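next comes the sequence, and after it the predicted model I'd like to discuss.
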Amino acid sequence: MSALLPASLRADFPILHQDVGGKPLVYLDNGATSQKPRAVIDALVRYYERDNSNVHRGLHALSMRATDGYEAARTRVARFIHAADPAEIIFTRGTTEGVNVVARSLAARLKPGDVILTTEIEHHSNLVPWQQAAKASGATIRYVPVLGTDAELGLDLDALDRLLTPQVKVFAFTHLSNTLGLMLDAAALCARARAVGAVTVIDAAQSVGHEPIDVQAIGCDFLVFSGHKMCGPTGIGVLYGRRALLDTLAPAETGGGMVVSVTYEGATWKPAPERFEAGTPNVADAIGLAAACDYLDAIGRPAISAHDHALAAKAHAALAELPGIRIIGPRLGQPRGGLVSFAFADAHAHDVVTFADQDGIALRGGHHCNQPLMRKLGITSTTRASFYLYNNEEEIDALVRSMHRILKFFAG
Amino acid sequence: MSALLPASLRADFPILHQDVGGKPLVYLDNGATSQKPRAVIDALVRYYERDNSNVHRGLHALSMRATDGYEAARTRVARFIHAADPAEIIFTRGTTEGVNVVARSLAARLKPGDVILTTEIEHHSNLVPWQQAAKASGATIRYVPVLGTDAELGLDLDALDRLLTPQVKVFAFTHLSNTLGLMLDAAALCARARAVGAVTVIDAAQSVGHEPIDVQAIGCDFLVFSGHKMCGPTGIGVLYGRRALLDTLAPAETGGGMVVSVTYEGATWKPAPERFEAGTPNVADAIGLAAACDYLDAIGRPAISAHDHALAAKAHAALAELPGIRIIGPRLGQPRGGLVSFAFADAHAHDVVTFADQDGIALRGGHHCNQPLMRKLGITSTTRASFYLYNNEEEIDALVRSMHRILKFFAG
Amino acid sequence: MSDLTDLYQSVILDHNKRPRNRGRPPTANRVATGDNPSCGDNCTVYLHLDPAGRVDAIGFDGSGCAISQASTSLMTTQVKGKTASEAEALFNEFKQIVTSGHPPEEMSDLAAFAGVHAFPARIKCATLGWHAALEAFKQPASA
Amino acid sequence: MSDLTDLYQSVILDHNKRPRNRGRPPTANRVATGDNPSCGDNCTVYLHLDPAGRVDAIGFDGSGCAISQASTSLMTTQVKGKTASEAEALFNEFKQIVTSGHPPEEMSDLAAFAGVHAFPARIKCATLGWHAALEAFKQPASA
Ligand SMILES: Cc1ncc(COP(=O)(O)O)c(C=O)c1O
Ligand SMILES: Cc1ncc(COP(=O)(O)O)c(C=O)c1O
């Protein structure tokens, strides 16, 4: 398989070189979180051992270094997603916080009659905050339905045509479904939303570390993601917002660092990005995230994407051949990400994950924070194997062997 | 000075052993953020090299280890502030987020006629969110005034008697002022607030890493703090809330991990702490914070407090003797924290900080996120030296020498 | 996979494949539901008590992993004929087994769940149906 | 402290101690305010333009560090008699000096601020008054 990345990359990830219950760790839970290369861990250590200080309001050497590091991280992330301006990068805790900030700020300008459009495949984090925004504003929430079954699932784009009326003020959708692996054509969806004047919000949690992303080419208004799923630290994420829009939004949180002037009567806000970063920011992890951007860009997301897809295709093909396993997701060959979701006729996903763990294999089983979709598909859970740059073909073989054994156990 | 901690502690902090512009670093900006002991940095590295995984929803070995580590951190923090129940510990990004979460959640039950009481000495982070809560709910915000001038400042406790009416639904105050060093008697204030039925919210950002804290003895309803000011990582903080109250509050953010059941129509919430932790939490930094608790408790906060106070008293006395310098804060001997704030007759704090930096000394100068207090005191800024367990007497001497030189420069 | 055969004992596999007392008994007039939100597992238990407060009809619905399904199925067989306090005593014994890994001295089908103790993340699965049942005892009887 | 005497040149110390054009000139009819929110520094610049659009009265108020006070004071002396576009050209020259550290070829009092370039955190202090002045040019004249 020529699409694969060099096996030597694996050496960059200290955590991978361990046994779990006597078996070498096979980490296939990348959709939940990714592992961290040495370079990212080192960036954190370096920051704490050399530069740590509070940012922005300091004039001494450490504070200037910390501020420079933090702002350089902002610029680095802007480049990672091709934002026009570093001021469009707001550091958050992660995707969930990013969606909440946008949903809360946009809710302030929604009214009864307005429609928030999203899809049936959203992660709870890009769904519940919009339900709350609808509740708070009186707007209506609508969902673009999924179409097809099992291994032929897709989004109903004809329904989208009907749903995308001028009443739609916000269209929020996932770039890459964490449950199905379905990849949406973000640029096309944004163009259609723009035509009716809707603000677009993209949940790029699953895609940003795996696929090339250019927010200007996509033409979205907002895009959110988490650092921990793209080789970065936990506790840091990004809300990208188009500058012109950002400065019209009310801040979701207030406090030190985001104010121009405060009296006992009231306060005024700085422009973005500070307006949306109240309090001491997560400086170390922002710098760690920038190191993750460096790491991923040195390999190149086109190469990472090809690698993930090659592994997913191999797993997809091999698992589809096992009797008693149904693949849940888009047809092979359709636009999709590097993960495979599947269901057993005779075993529940939790039992599958417990069995796989005994073989050293880390999988995820459950509703994947996607309860309504599960209900709609008539299943309670799936087992998911999700791939990243350090996975290899032997790990797919181990996965398939383990699944085969489980089938036999529960059939027996 | 027998109250001082052993000098050997300094070796635990890698960052301190460096020169800044050719002079050994003298870090006296601990009020802004503290430095990190090796044990905390190691905890982060260990997590990323061994256990990193997503928490809560995983059944494989790494995920169970990460979940155990994260929940053990919660239990550790509960012990650090003597909370009755680990479920009362909610991990946030920091103090500012904690205040915002409480202020937003409490605002939902305030109405015109209700009063939010706070004080004139609050950090913007414990002031602006309450102004916003008042605005959103129609409640009125009132301030307990400061009393006295310069080196004799205190809170007007007689005014508090008048202000603490049954209309007061919330009383939010800082435990230890970051600008003045003034320490409030939290237990007494909470008792008085409880007598009129007000919910109490304590900003313990400056105190929790320096002074013993027992939330049950204090009798507060909420208490917030930041990890980064108490030897912990950036990006992690804590909102403590009394269990009975927490479960009555609406979550400030929604998404994965905090829901019981989600349909396309709506969602239901888990109880605390999950209810207030939407999305993937900052697992690594929570574990780092627990390591900071271990580190500080091994030394003991009574010993740390005595050390800080001894250094502050020495600095206070020496700086007060320099002509052209005014101490701004409570009288020496009054309850106070380990910091000294002062103003120059002939030099602005920013110039002072720039000069001190040339001597390798890290100070903070400005309004300390306390603009309205500065205005009330008729000053534009102060210079602040704030101490922690790794500071020593030689550093106070260096500080005083540097300040002396600045006085001469600007007088000349 | 020695640990796993400890966990998935034949009693468990059997109850998972052929659950006992599945469905709502016609006479049932008390009901309670348990959720394991992290897993998405859920379980509804239906009861009817005789005048002496003993379970004379019990059934369950819901979906979940083999551990939760088997444990709930087994629970229904054990709780039948018991009073609320007897059921609670039984649950305490069960909890003891799944957390300690030590089967009780007297032989009991509950002992099949001793293997769960090595899988702490699965203890919630094993106790889901029990929690629902104890909750159902506390519900007022519907007409 | 060699770097510092570069920063705090005698010109700067002098303007800081004895600021020129402090206060609002009686004829002023344009005003703008600059804030450095991180520092708390602030600065208000007052202007009056003659019919040709040249500054014939200028003054300032506000508080801040020596760098911002001296720079604003010096700015008022330099901008007097200038048009908006001349003032802007001068500001560009000044920005060049404080960011590069290279004084211009022709001798100029502005050169005193060359030392600022070694203190990037202070560049905002040095440009605060200039920003306010350029903003004041753009304001409509009040009656
Ligand atoms: C008294 C006080 N409250 C609140 C804060 C805000 O803390 P953070 O910036 O970590 O959110 C600080 C520190 O900046 C503080 O000193
Ligand atoms: C598609 C998608 N959206 C949102 C999220 C939430 O991200 P986080 O938990 O990092 O906030 C996730 C991952 O959990 C995801 O896969």
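Cool, the structure landed. Ligands and ions are numbered 1, 2, ... in the order given.

quick one: least confident helix or strand in chain C?
The least trusted helix or strand in chain C, going by mean pLDDT, DSSP states H and E, turns out to be helix C:2-7, with a mean of 71.

could you dump the next helix-or-strand element following it to PDB, C-alpha only?
The element immediately downstream of helix C:2-7 (helix or strand, assigned by DSSP states H and E) is helix C:10-17. Taking C-alpha atoms only, helix C:10-17 is exported to PDB below (Å, rounded to 0.1, in the frame of the first residue of the first chain):
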ATOM      1  CA  SER C  10     -21.700 -19.500  30.800                       C
ATOM      2  CA  VAL C  11     -24.400 -18.400  33.100                       C
ATOM      3  CA  ILE C  12     -24.000 -14.900  31.800                       C
ATOM      4  CA  LEU C  13     -23.900 -15.900  28.200                       C
ATOM      5  CA  ASP C  14     -27.000 -18.100  28.700                       C
ATOM      6  CA  HIS C  15     -29.000 -15.300  30.300                       C
ATOM      7  CA  ASN C  16     -27.800 -12.900  27.600                       C
ATOM      8  CA  LYS C  17     -29.000 -15.300  24.900                       C
END
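
buried sites along helix C:10-17?
Judged by neighbour count using 16 or more other C-beta atoms under 10 Å in any protein chain shown, the buried positions of helix C:10-17 are C:12, C:13, C:15, C:16. C-betas here are computed from N, CA, C, even on glycine.

tell me which other helices or strands it touches.
Applying 3 or more C-beta pairs under 8 Å, 6 or more residues apart in numbering or on different chains; DSSP states H and E, one finds that helix C:10-17 contacts helix C:66-79.

redo that, cut-off 10 Å
Applying 3 or more C-beta pairs under 10 Å, 6 or more residues apart in numbering or on different chains; DSSP states H and E, we find helix C:10-17 packed against helix A:393-411, helix C:66-79.

so for chain B, which of these sits nearest?
Smallest distance to chain B across these (C-beta to the nearest C-beta): 10.8 Å, for helix C:66-79.

who's the closest spatial neighbour of residue 10, skipping the chain neighbours?
Reading this off chain A. residue A:390 (4.8 Å; C-beta to C-beta, 6 or more residues apart in numbering or on different chains).

can you look at chain C instead?
Leaving aside its sequence neighbours, residue C:10 sits nearest to residue C:112 (C-beta to C-beta, 6+ apart; 8.0 Å).

quick check: what element follows the host helix or strand of residue A:43 along the chain?
Using DSSP H and E, residue A:43 falls within helix A:38-46. The element immediately downstream of helix A:38-46 (helix or strand, assigned by DSSP H and E) is helix A:61-80.

now the angle between helix A:38-46 and that following helix, please.
Interaxial angle, helix A:61-80 versus helix A:38-46 (axes from the mean of the first three to the mean of the last three C-alpha atoms, to 10 degrees): 150 degrees.

okay, now the unreliable bits of chain C?
Across chain C, the ranges flagged by pLDDT under 70 are C:1-3, C:38.

what segments of it are strands?
Ranges of strands in chain C, per DSSP state E, are C:30-36, C:41-49, C:55-63.

just want the residue of the stretch 1-150 of chain A that's nearest ligand 1.
Nearest residue of the stretch 1-150 of chain A to ligand 1: residue A:54, at 7.2 Å (C-beta to the nearest ligand atom).

just say helix, strand or coil for the nearest residue to that residue once chain neighbours are set aside.
Setting aside the residues directly before and after it, residue A:54 is nearest to residue B:32 in space (C-beta to C-beta, 6+ apart), at 3.7 Å. Classification of residue B:32 by DSSP: H, G, I helix; E, B strand; the rest coil places it in coil.

quick one: pLDDT of residue B:32?
We have a pLDDT of 97 for residue B:32.

buried residues in stretch A:200-212?
A:200, A:201, A:202, A:203, A:204, A:205, A:206, A:207, A:208, A:209, A:210, A:211.

which of the residues you listed sits closest to residue A:11?
residue A:209 (19.3 Å; C-beta to C-beta).
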